[in-house]
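Student: I would like to see how this sequence folds:
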Amino acid sequence: MTLSATEIGPLSGTDDIKGFLDGTTRYAAVTLSRATGSRIECAVTLHRRKRAITIAGSSDDAILLDGIEQAIGEGPRLEALRINSPVLLNDIEDDSRWPRYVKNLRAAGARSVLGIPLQLGEDASAALNFFALGPGLFTDEAVEEARVFGDMAGQALRLALRIAAAELLAQDLRAAMERRTAIDLACGIIMSQNSCTQEAAFGYLLKASQHRNQKLHDIAAEIITGRIDGSVATNFED
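Tutor: Coordinates of the predicted model:
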C-alpha cells in the first residue's frame, strides 16, 4: 500500500491542513473497507500547540461518531494517544472499558472502533478513529493494515505541518520587513524635512508613538501618507 499526496489531498498551507486531513480520512476509510470487506468510516482530530483543534472525517457520520468520544472524554482514540499504540473496541456488547462511550456509540449505530495514533512529534498529536457498523471486523490483519496506514499518514502529516509552519514564518517575516520599510521611509522623510540624523528622526517616531498611544508602524504609515507632517517635531505631541 502506498500513500500519495495526490490521493489524500494538498500538503501546503495552513488552510490546506483541513483539506489534507479530509483526504486522508477518506483514503483511510477506503483502505480499511477493502481490508475488512465492509463499510468503514474514519475520522481524525488534530491538536496543535496554541492553535484550534482541526477535525476531519470520511463522512458526516464519521465526524459525528468521533464527536461522541470528544464530548465524553474517553474511548479508543484517546486511549491510543495515551499509550501510543493501536486500541481496539472489537464489540461494544462485550467490552466494559468505557460504559458511557459504549452507550452513546450503540445509540449511534456503531458496533466496533479502532484507534490508531499518528506520530507527529512534541508540537502536535492526532489519531485516526475507524468505525464499523458490525462487530469483529477489525481482525489482526485489518489492525495491521490500519497501523501501516497510520505510519505513512503520520509521516505525510508531519511534512504538511512543517510546510504550514514554514509558510506562517515566511508571512511573519514579510510583515516584519514591510513594517521595517515603512519606519525607514518615515525616518527618511523626517530627516529630509528637518535636516536631522536618522537617530533623531527615529526618536521623533518613538515620541509620537508614546504620545499618541499608537504602534510605531502606524505612526510611520501616517507620515508616509501625509496624515502627519514630519517637518516639525511638536506635531507628534498632539
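Student: C-alpha from now on. contacts and neighbour counts both.
Tutor: OK.
Student: could you pull out the helices for the protein?
Tutor: Taking DSSP state H to define them, one finds helices in the chain at 5-8, 16-36, 60-72, 76-83, 99-108, 140-194, 198-212, 216-224.
Student: looking at the ones you listed, which is closest to A124?
Tutor: helix 140-194 (8.8 Å; C-alpha to C-alpha).
Student: now for the helices of the chain, which one comes closest to N129?
Tutor: Nearest of the helices of the chain (C-alpha to C-alpha): helix 76-83, 5.9 Å.
Student: which secondary structure elements does the closest one contact?
Tutor: With contacts taken as 3 or more C-alpha pairs under 8 Å, 6 or more residues apart in numbering; DSSP states H and E, helix 76-83 sits against strand 87-89, strand 112-118, strand 124-132.
Student: what comes into contact with that helix?
Tutor: Residues outside helix 76-83 that contact it (C-alpha atoms under 8 Å, 6 or more residues apart in numbering) are 69, 86-89, 113-117, 125-129.
Student: at 6 Å instead, please
Tutor: 86-87, 115, 117, 129 (C-alpha atoms under 6 Å, 6 or more residues apart in numbering).
Student: Pick the most buried one from the helices and strands packed on helix 76-83.
Tutor: Greatest average neighbour count among these goes to strand 112-118 (a mean of 27), per mean count of other C-alpha atoms under 10 Å.
Student: picking that back up, so which of the contacts of helix 76-83 is the closest to D95?
Tutor: Closest approach between those and D95, by C-alpha to C-alpha: V87, at 12.4 Å.
Student: hey, what's that closest one bridged with?
Tutor: G115 (DSSP bridges).
Student: Over to I55?
Tutor: Applying DSSP bridges, one finds that I55 bridges with T45.
Student: Let's have the helices and strands packed on helix 76-83 in JSON lines, adding distance to L206 and mean pLDDT.
Tutor: As requested, the helices and strands packed on helix 76-83 are arranged in JSON lines below (distance: least, C-alpha to C-alpha, whole Å; pLDDT from 0 to 100):
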{"stretch": "strand 87-89", "distance to L206": "59", "mean pLDDT": "97"}
{"stretch": "strand 112-118", "distance to L206": "49", "mean pLDDT": "96"}
{"stretch": "strand 124-132", "distance to L206": "40", "mean pLDDT": "93"}
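Student: Many thanks, I have nothing further to ask.
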